[in-house]
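Asker: build me a model from this:
(2 chains)
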2 protein chains.
Amino acid sequence: MSAALLPRGKPNPWETQGRKQIYRNPWLLLEEHQVRTPAGAAGIYGVVRPHQVAIGIVPLTANDEVVLVGQYRYPLERYSWEIPEGGGRKTEDPLTEARRELAEETGFTAKRWRLLLALSLSNCLSDEQAVLFVAEDLEPGAASPDPEEELEVIQVPFETAIDAVFAGEITDAMSVAGLLAVHTQRRR
Amino acid sequence: MSAALLPRGKPNPWETQGRKQIYRNPWLLLEEHQVRTPAGAAGIYGVVRPHQVAIGIVPLTANDEVVLVGQYRYPLERYSWEIPEGGGRKTEDPLTEARRELAEETGFTAKRWRLLLALSLSNCLSDEQAVLFVAEDLEPGAASPDPEEELEVIQVPFETAIDAVFAGEITDAMSVAGLLAVHTQRRR
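Answerer: This is a model prediction of the structure:
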């Protein structure tokens, strides 16, 4: 374990005085906490807790294309091109979930996998975590997407995907972070 | 306007048949929609709608340091080092909100600003949007943080911040995307 690059953080200045469940569905839990804020005031904090960890994969082909998945994102009310993503069970190894998700959404299996990044997606409002992998040495197969999803799968040159990030055609935070992380690792 | 890099998306395969407000606090709204899914089944969709747009700034000093802000993130239950961030009113120009947020949290004002990226932070669960800027030619001043926040402000070499991303010491999605975007733009 190497020395930390950034200073150690300070202790928790919040005090939790109570919590109640507001809402639960198959995907998330919403809690409202009664808190004492860092300023010492009484207040509330609404915390969104997804049941699953978000899993994302940057799948790279032998001729340096990246596999992207397109789908209409209901909360955004628009179509979104992204890296393959899905929910992973918190009780499972994230890599196991990533292999399953890649195969289900795209049909691809990969011989080489490596961990890329861990992310906190929206740390003001939720505890949602994401884990990103790079998948290489891809072999095609039959996809078996969730019947609730309507997906398109395409392959584009990796540098086109980077262009698409800066053109605003890829805006999903996991996809942007994953693609730029691969680019950064190549150029350092 | 240049030609699109990625295919045009397909139409909305979801049908919204009803919606009700489940919860509202000063920061977010939670709705539950009655939907017909792309597979044609009846279902529900819980949508989290933050009231504000997330604003993030990558502040770069003349000797290539980046200004980072540390704070304990209540939903994560841990300390987090991030680029300066805050909520921006949707009725205001995001750049105006970014200038205000940078000055409030760090005291810095900047002579040069540019738009870096727009992000969707958690597009399965919420419609939360983020806008990221780069701020350069910084001038120090007095910070005036929200009394509910307890912030530390540091400056680290830009490449140290990139190392911290890959070491897992910076995990906030907006920060990771913003720092890697600046790195990518420099190396292309």
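Asker: mind listing the helices for chain A?
Answerer: Counting by DSSP state H, chain A has these helices, from start to end: A:94-106, A:158-166, A:173-187.
Asker: can I get the CA coordinates of the second one in CSV?
Answerer: Extracted in CSV, the C-alpha atoms of helix A:158-166 (Å, rounded to 0.1, in the frame of the first residue of the first chain):
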residue,chain,number,x,y,z
PHE,A,158,-12.2,4.4,-29.8
GLU,A,159,-11.2,7.9,-30.8
THR,A,160,-14.7,8.5,-32.2
ALA,A,161,-16.1,7.7,-28.8
ILE,A,162,-13.8,10.2,-27.3
ASP,A,163,-14.9,12.8,-29.9
ALA,A,164,-18.5,11.9,-29.0
VAL,A,165,-17.8,12.7,-25.3
PHE,A,166,-16.6,16.2,-26.2
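Asker: next, the buried residues of that helix.
Answerer: By neighbour count with 16 or more other C-beta atoms under 10 Å in any protein chain shown, helix A:158-166 contains the buried residues A:158, A:160-166. Where you see a C-beta, it was placed from the backbone N, CA and C, and this is true even at glycine.
Asker: from those, pick the one nearest chain B.
Answerer: residue A:164 (4.5 Å; C-beta to the nearest C-beta).
Asker: wait, that closest one touches residue B:3, no?
Answerer: No - taking contacts as C-beta atoms under 8 Å, residue A:164 lies outside contact range of residue B:3: 11.8 Å.
Asker: could you report the neighbour count for residue A:130?
Answerer: The burial metric for residue A:130, expressed as a neighbour count using other C-beta atoms under 10 Å in any protein chain shown, is 23.
Asker: go on, residue A:111?
Answerer: Applying other C-beta under 10 Å, we find 9 residues neighbouring residue A:111.
Asker: and the residue nearest to it when sequence neighbours are not counted, what pLDDT?
Answerer: Nearest-residue entry for residue A:111: residue A:137, 3.6 Å, with adjacent residues in sequence omitted and distances by C-beta to C-beta, 6 or more residues apart in numbering or on different chains. Reading off the confidence values, residue A:137 has pLDDT 96.
Asker: my guess is residue A:137 meets residue A:109, correct?
Answerer: No - taking C-beta under 8 Å as the definition, residue A:137 is not a contact partner of residue A:109, at 9.1 Å.
Asker: quick one: which of these two has more around it?
Answerer: Here residue A:137 and residue A:109 are set side by side on neighbour count (other C-beta under 10 Å), and the busier one is residue A:109, at 15 against 12.
Asker: may I have the beta-bridge partners of the more buried one?
Answerer: Per DSSP bridges, residues listed as beta-bridge partners of residue A:109: residue A:139.
Asker: same check, this time on the one 4 residues further on
Answerer: Beta-bridge partners for residue A:113, by DSSP bridges, are residue A:135.
Asker: need the contact list for residue A:19.
Answerer: Contacts of residue A:19 were listed using C-beta atoms under 8 Å, 6 or more residues apart in numbering or on different chains, and they are A:31-34.
Asker: just the buried residues from those residues, in PyMOL please.
Answerer: Listed next is the PyMOL selection for buried residues among the contacts of residue A:19, using 16+ other C-beta under 10 Å:
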select buried, chain A and resi 31+32+33
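Asker: contacts with chain B among the contacts of residue A:19, please.
Answerer: By C-beta under 8 Å from any C-beta of the partner chain, the members of the contacts of residue A:19 lying near chain B are A:32-33.
Asker: tabulate the contacts of residue A:19 (TSV), appending pLDDT.
Answerer: Below are the contacts of residue A:19 laid out as TSV (pLDDT from 0 to 100):
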residue	pLDDT
A:31	98
A:32	98
A:33	98
A:34	98
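Asker: and the furthest pair within the contacts of residue A:19?
Answerer: The two members of the contacts of residue A:19 with the most space between them (C-beta to C-beta) are A:31 and A:34, at 10.6 Å.
Asker: and the closest residue to residue A:155 other than its chain neighbours, bridged to which residues?
Answerer: Counting by C-beta to C-beta, 6+ apart, the nearest residue to residue A:155 once its immediate chain neighbours are dropped is residue A:65, at 4.2 Å. In this structure, residue A:65 has the following beta-bridge partners (DSSP bridges): residue A:157.
Asker: ok, residue A:65 touching residue A:157?
Answerer: Yes - using C-beta under 8 Å as the test, residue A:65 is close enough to residue A:157 to be in contact (5.7 Å).
Asker: and the two? Which one has more around it.
Answerer: residue A:65 (18 against 14).
Asker: how about low-confidence regions in chain A?
Answerer: A:1-2 (pLDDT under 70).
Asker: and the strands in it?
Answerer: A:15-24, A:28-36, A:42-50, A:53-59, A:65-73, A:78-82, A:85-88, A:109-120, A:129-139, A:152-157 (DSSP state E).
Asker: can you redo the ones you listed as a markdown table with distance to residue B:40?
Answerer: Putting the strands of chain A into a markdown table (distance: least, C-beta to C-beta, whole Å) gives the following:
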| stretch | distance to residue B:40 |
| --- | --- |
| strand A:15-24 | 26 |
| strand A:28-36 | 24 |
| strand A:42-50 | 26 |
| strand A:53-59 | 26 |
| strand A:65-73 | 15 |
| strand A:78-82 | 19 |
| strand A:85-88 | 21 |
| strand A:109-120 | 30 |
| strand A:129-139 | 30 |
| strand A:152-157 | 19 |
